[in-house]
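Trainee: pasting the sequence and the predicted coordinates here, then a few questions.
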Amino acid sequence: MIISRTPHRISFFGGGTDYPSWYLEHGGKVLGATIDKYCYITCRELPPFFAHRFRVAYSKVETVSNIDEIQHPSVRETLKYLQVEQGLEIHHDADIPARSGMGSSSAFTVGLLKTLYAINGKIISKEDLYKTAIHIEQNLLKENVGSQDQAWAACGGVNTIEFLRTGNIIVEPIIMEKNNLRSFESKFMLFFTGISRYASEIAKEQIQSINEKKYELKAIRDLVDEAYKVIISSKGNFIEFGKLLNESWELKKQLSSKISNSEIDHIYETAIRHGAVGGKLLGAGGGGFMLLYIEPEAQKRVKKALKGYLHIPFMFDFSGSEIIVYKPSYQNGR
C-alpha cells in the first residue's frame with residue numbers, strides 16, 4: 001500500500017501568465033506558496049479474487065474491468081499514459097473541496113503520478129513530476145489549465161515560477177529569514193466563499209481573450225517582480241505586499257466577466273472596510289477561496305465581519321508531493 005500527500009497552493013501574483021498560449025509568446029511568471037492543506041492518494045495492488053481490475057473511490061466509487069471504462073478523467077488518462085497493467089485500488093481524500101481555486105485537480109494528478117511510480121518501486125524527480133502532470137492535463141485531457149498548479153504541487157514551498165518562451169519552467173525558492181517568514185505567513189487569512197465552480201470553463205474565456213488583454217497580463221506579470229522585492233526585504237514590513245494584491249485583484253477582474261460576481265465583491269469590500277489591506281480570489285475565479293492580507297491587529301474585526309464564511313487557518317508547506325506510507329507488495333516481493 002502506498003499513500004501520497006500533495007499540497008494545495010495559494011497563488012499571490014502572476015495568475016493568467018502561466019497559460020501556454022500566453023507564455024510561449026510573451027513569457028510568464030507567478031509568485032505563490034503551498035500550504036498545509038493536502039490531497040491524499042491511497043493505492044494498493046488489487047488481489048486477483050475480484051471480478052473487477054480497478055476500484056477508484058473519490059466522490060463516487062467505480063469498479064471496472066479495464067482502464068477505458070474508468071470515468072474519472074485524470075485516473076483514466078494517467079493509468080493509460082503509464083501503461084499500468086496490474087489491478088489497482090485507488091482512493092482519494094482531500095482537506096480542501098474540489099473546484100475551489102487552490103489547484104486541487106493538479107494536486108490530484110501530481111499525487112496520483114507520485115503514487116503510481118512508488119507502487120512500482122520507482123522514483124520520479126520533482127521536475128519530471130510536474131512536467132508529466134502538465135502533459136496529461138493539457139495534452140491528453142485537453143483541459144483549459146495553466147502550468148503553475150502542477151509545479152506547486154510537485155515542489156512545494158514559497159517560490160517564484162517563471163515560464164519561458166521556450167516552454168521551460170524555472171522554480172526558484174524565495175529565501176527568507178525564519179522570523180520574517182513567520183511574520184509574512186501571519187498576515188494572511190483564508191475564507192471559503194462556499195461557491196464551487198469549474199475552473200476550466202472560466203479559464204476558457206480568459207484564454208480566448210488573451211490577445212485583447214495584453215496590457216492587463218503584462219501588468220499582472222510586472223507585479224510579480226514588485227512583490228518579490230517586498231517579500232525579500234530584510235525590513236519585515238509587508239504591508240506594501242497587501243496593497244499590490246489589491247492592485248492585482250483589480251487587474252484580474254478585467255480578464256473575464258466570470259472572475260467575480262456580486263457575492264464575491266461583497267466579501268472583498270466588507271473585508272477592506274474592516275481592515276484588510278488587499279486580497280484576491282484564488283484560482284481562475286468565480287468562487288472558491290478568498291485570500292486576504294490583514295495585519296494581525298485587524299484580523300478579529302475582519303473575521304467577525306465575515307462570520308458567515310468559513311475561515312481556514314493555514315501555514316506554508318515546504319515538502320511538495322511526497323510518499324508518507326510505503327508498504328511493499330508481498331506478492332511482488334517489494
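Mentor: Ah, there it is.
Trainee: and the helices in the stretch 1-150 of the chain?
Mentor: Ranges of helices within the stretch 1-150 of the chain are 20-26, 73-81, 104-119, 126-134, 148-155, based on DSSP state H, counting those that start in this stretch.
Trainee: of all the ones you listed, which one is nearest Gly288?
Mentor: Gly288 sits nearest to helix 104-119 of all the helices of the stretch 1-150 of the chain, at 9.2 Å, using CB to CB. For every residue, glycine as well, the C-beta is placed using N, CA and C.
Trainee: ranges for the strands of the stretch 1-150 of the chain?
Mentor: Using DSSP state E, counting those that start in this stretch, the strands of the stretch 1-150 of the chain run over residues 2-13, 28-45, 54-57, 61-64, 88-94.
Trainee: tell me which of those is the most buried.
Mentor: Among the strands of the stretch 1-150 of the chain, strand 2-13 has the highest mean neighbour count (mean count of other CB atoms under 10 Å), at a mean of 26.
Trainee: what packs against that one?
Mentor: The elements that strand 2-13 packs onto, with contact taken as 3 or more CB pairs under 8 Å, 6 or more residues apart in numbering; DSSP states H and E, are strand 28-45, helix 104-119, helix 148-155, helix 214-231, helix 239-252, strand 289-293, strand 322-326.
Trainee: quick check: angle from that strand to helix 214-231?
Mentor: Put simply, strand 2-13 runs at 100 degrees to helix 214-231, going by axes from the mean of the first three to the mean of the last three CA atoms, to 10 degrees.
Trainee: where are the low-confidence patches of the stretch 151-300 of the chain?
Mentor: 196-209, 234, 284-285 (pLDDT under 70).
Trainee: out of the helices of the stretch 1-150 of the chain, indicate the one that is most buried.
Mentor: helix 148-155 (a mean of 30).
Trainee: how far is it from where the chain is centred?
Mentor: 7 Å (CA atoms, centre = their mean, to the nearest Å).
Trainee: and for stretch 50-57?
Mentor: Remark: stretch 50-57 is offset 29 Å from the chain centroid, using CA atoms, centre = their mean.
Trainee: what residues are bridge-paired with the nearest residue in space to His72 that is not next to it in sequence?
Mentor: Distances taken as CB to CB, 6 or more residues apart in numbering place Val56 nearest to His72, at 5.7 Å, with adjacent residues excluded. Under the criterion DSSP bridges, Val56 forms beta bridges with Glu62, Ile90.
Trainee: list the contacts of Met189.
Mentor: Taking CB atoms under 8 Å, 6 or more residues apart in numbering, we find Met189 in contact with 276, 291-292, 294, 299, 302-303, 311.
Trainee: ok, for it, nearest residue in space, not its chain neighbours?
Mentor: Using CB to CB, 6+ apart and skipping residues adjacent in sequence, the residue nearest Met189 is Leu292, 5.0 Å away.
Trainee: then Lys37?
Mentor: Nearest in space to Lys37, with sequence neighbours left out and distances taken as CB to CB, 6+ apart, is Asp95 at 4.1 Å.
Trainee: that neighbour against Thr6, yeah?
Mentor: No. Here Asp95 does not reach Thr6: they are 10.7 Å apart, not a contact under CB atoms under 8 Å.
Trainee: the residue nearest to Met189: neighbour count?
Mentor: As a burial measure, Leu292 scores 26 neighbours (other CB atoms under 10 Å).
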